[in-house]
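My questions concern the predicted model and sequence given below.
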Amino acid sequence: MTERLQIQNLYKIFSANPEAALQILANGGDKNTVFDKLGAVVGLNNVSLSVPQGAMYMVMGLSGSGKSTLARCINRLNEPSAGKILLDGRDIVPLKEEELREVRRTRISMVFQHFALLPNKRVIENVEFGLKLRGVSPAERRRRADEVLSVVGLARWGYHFPHELSGGMRQRVGLARALATDADILIMDEAFSALDPLIRTEMQDELLRLQRTLNKTILFITHDFQEALKLGTRIAIMSEGELVREGTPQSIVLEPGSDYVAAFTREIDRARLFDARSVMRATAPILQSERGILVGDAAGAAGPGFVLDGEGRVLGALDAAALGRARASGEMGTPSSDYVSVPGNAKLLEVARSYRDGRPIAVVDEDGRFVGTLGVDELLSRISSTSAKTASAGDRHV
């Protein structure tokens, strides 16, 4: 997957003399040492991460962890003290003011926590604002503003003023303004934090809907781990200006790696987080006959078998006893239609609702082709498990 944004060894020192603070950190000191010796504040301490194109990348942590400082360094509202910020491979840290303005106008857009709308301008004028700064013609920017207002469900509100809209609607205007510029990266800094819980949930659902359509690269800053799990394809967790854990939502819950991260994961509803594909067992071919291809547990463990057609779709199932006889005799037997089929992306809560006592579970992909089998023991274990497991490749403990 193409890396749209790469952060390499990024530091931010709030001081008139950041070099002295950087030297202390290079010698093994921490932010407390820097503050005690220099009175300087370390906002970011050697942060490195990569945001793939089309990802919904969540950056989270408690207040003061450095997450918002990171967002502001990326578009250089805060000037980094050291390190690189690569946008499609180009370091934007050395850019002069004119080049930086162009990046902000065309490459990176922001959605703020408190809307940041112009109160004396109508909704459609607020949405047009970034395009106006870019020098887009009035007719074209009006066309684009109308288009994105329709996308976010505010087509009828373009000629109203912000004070006439609810909080959720105003946040949609802020989102529409960012989308109107069609920037490569959308930074959302605590964008939903000021909203009431119900409206916040609606905006999260709206963002997921838009992302399925637009496939934007989004860096989303939040202090809410539930929000990070719901929205994110990857999550970076920060503490004291440092990146302490990075990976997929599922891997972070399974292997927090520290007490700090574990505190976020403790109350997570695993049944709503993990899907069938994450806990299914791999299978391997056992027999082939005119009835189809019989597959069973790849490790040879006891369990159900499934008979597939030539395209990999399930024709029927064999229970554990029938599969054992097939292994021993080389005869497939007659498959049963008494099984449950679930999509690989079905959450375990949905799988549990679909389960019928004693029936084997087949996991299928979006085209209905068999990809694995799921036992009730694995289902219950993953829902209730609090034990650490190995994180997948590419997930990092820092």
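Structure's in. What do you need?

okay, CA-based contacts and neighbour counts for the rest of this
OK.

All the strands of the stretch 151-300 of the chain, in order from the start?
In the stretch 151-300 of the chain, the strands defined using DSSP state E, counting those that start in this stretch lie at 185-189, 217-222, 234-239, 242-247, 283-289, 292-297.

helices or strands next to the biggest helix by length in the chain in the packing?
What stands out as the longest helix in the chain, according to DSSP state H, is helix 197-214. Packing partners of helix 197-214 (3 or more CA pairs under 8 Å, 6 or more residues apart in numbering; DSSP states H and E): helix 167-180, helix 225-231.

just checking, what packs against the first one?
Contacts defined by 3+ CA pairs under 8 Å, 6+ apart place helix 167-180 against strand 108-111, helix 123-134, helix 138-151, helix 197-214.

how about low-confidence regions in the stretch 101-250 of the chain?
Counting by pLDDT under 70, the low-confidence segments of the stretch 101-250 of the chain come to 115.

Stretch 120-139: how far from the chain's middle?
30 Å (CA atoms, centre = their mean, to the nearest Å).

buried sites along that stretch?
For stretch 120-139, the buried set under the neighbour-count rule, 16 or more other CA atoms under 10 Å, comprises Arg122, Val123, Ile124, Glu125, Asn126, Val127, Glu128, Phe129, Gly130, Leu131, Lys132, Arg134.

cool, and stretch 35-48?
Taking 16+ other CA under 10 Å as the basis for neighbour counts, the residues of stretch 35-48 that come out buried are Ala40, Val41, Val42, Gly43, Leu44, Asn45, Asn46, Val47, Ser48.

tell me the secondary structure for the fourth one?
It stands for Gly43. Under DSSP: H, G, I helix; E, B strand; the rest coil, the three-state class of Gly43 is strand.

quick one: contacts for it?
Going by CA atoms under 8 Å, 6 or more residues apart in numbering, Gly43 touches Tyr11, Lys12, Ile13, Phe14, Ser65, Gly66, Thr69, Glu240, Gly241.

Need these in TSV (columns: neighbour count and distance to Leu86).
What follows is those, written out as TSV (neighbours: other CA atoms under 10 Å; distance: CA to CA, whole Å):
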residue	neighbour count	distance to Leu86
Tyr11	26	14
Lys12	26	16
Ile13	23	20
Phe14	18	22
Ser65	20	22
Gly66	26	19
Thr69	20	17
Glu240	20	23
Gly241	24	20
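
Tell me the pLDDT of Ser392.
Ser392 carries a pLDDT value of 48.

ditto for Thr386
Reported pLDDT for Thr386: 45.

Would you mind measuring from Ser50 to Tyr355?
The spacing between Ser50 and Tyr355, counted by CA to CA, to the nearest Å, is 39 Å.

hmm, back to that, which ones among the contacts of Gly43 map onto helices?
Among these, the subset assigned to helices under DSSP H consists of Thr69.

For this protein, which residue occupies the most central location?
Nearest to the mean C-alpha position of the chain, by CA atoms, centre = their mean, lies Gly232 at 1.6 Å.

Verify the stated contact: that one with Met60.
No: contact criterion CA atoms under 8 Å: Gly232 and Met60 do not qualify, at 10.6 Å.

Surely Gly362 is in a helix?
In this structure residue 362 is Ala, not Gly. No: counting by three-state DSSP, one finds Ala362 to be strand, located in no helix.

about what we covered before: for the contacts of Gly43, give me TSV that also has distance to Glu290.
Converted to TSV, the contacts of Gly43 look like this (distance: CA to CA, whole Å):
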residue	distance to Glu290
Tyr11	65
Lys12	67
Ile13	71
Phe14	73
Ser65	62
Gly66	62
Thr69	64
Glu240	63
Gly241	63
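
Measure how buried Ala302 is and give me the count.
Applying other CA atoms under 10 Å, we find 13 other residues in the vicinity of Ala302.

helix or strand for it, which one?
For Ala302, there is no helix or strand it lies in under DSSP states H and E.

What separation do you get for it and Ala284?
Ala302 sits 13 Å away from Ala284, taking CA to CA as the criterion.

How about Pro162?
In this structure, Pro162 and Ala284 are 60 Å apart, going by CA to CA.

Between the buried residues of stretch 35-48, which sits nearest Arg396?
Closest approach to Arg396 among the buried residues of stretch 35-48 (CA to CA): Ser48, at 11.0 Å.

Phi first, then psi, for the closest one.
The phi and psi torsions at Ser48 (degrees, to the nearest 10) take the values phi -130, psi 130.

more crowded one of Pro162 and Ala284?
When Pro162 and Ala284 are compared on other CA under 10 Å, the one with more neighbours turns out to be Pro162, at 24 against 15.

Correct me if wrong: the more buried one contacts Arg170.
Yes: counting by CA under 8 Å, Pro162 does reach Arg170; the two are 6.4 Å apart.

Overlap in contacts, these two.
In the contact map built from CA under 8 Å, 6+ apart, the residues linked to both Pro162 and Arg170 are Leu117.

tell me which element Ile24 is part of?
Ile24 is part of helix 18-26, with elements assigned from DSSP H and E.

Quick one: list the elements packing against that helix.
Applying 3+ CA pairs under 8 Å, 6+ apart, we find helix 18-26 packed against helix 31-38.

could you give the angle of the helix it packs on to strand 242-247?
Angle, helix 31-38 to strand 242-247, by axes from the mean of the first three to the mean of the last three CA atoms, to 10 degrees: 160 degrees.

Thanks a lot, see you next time.
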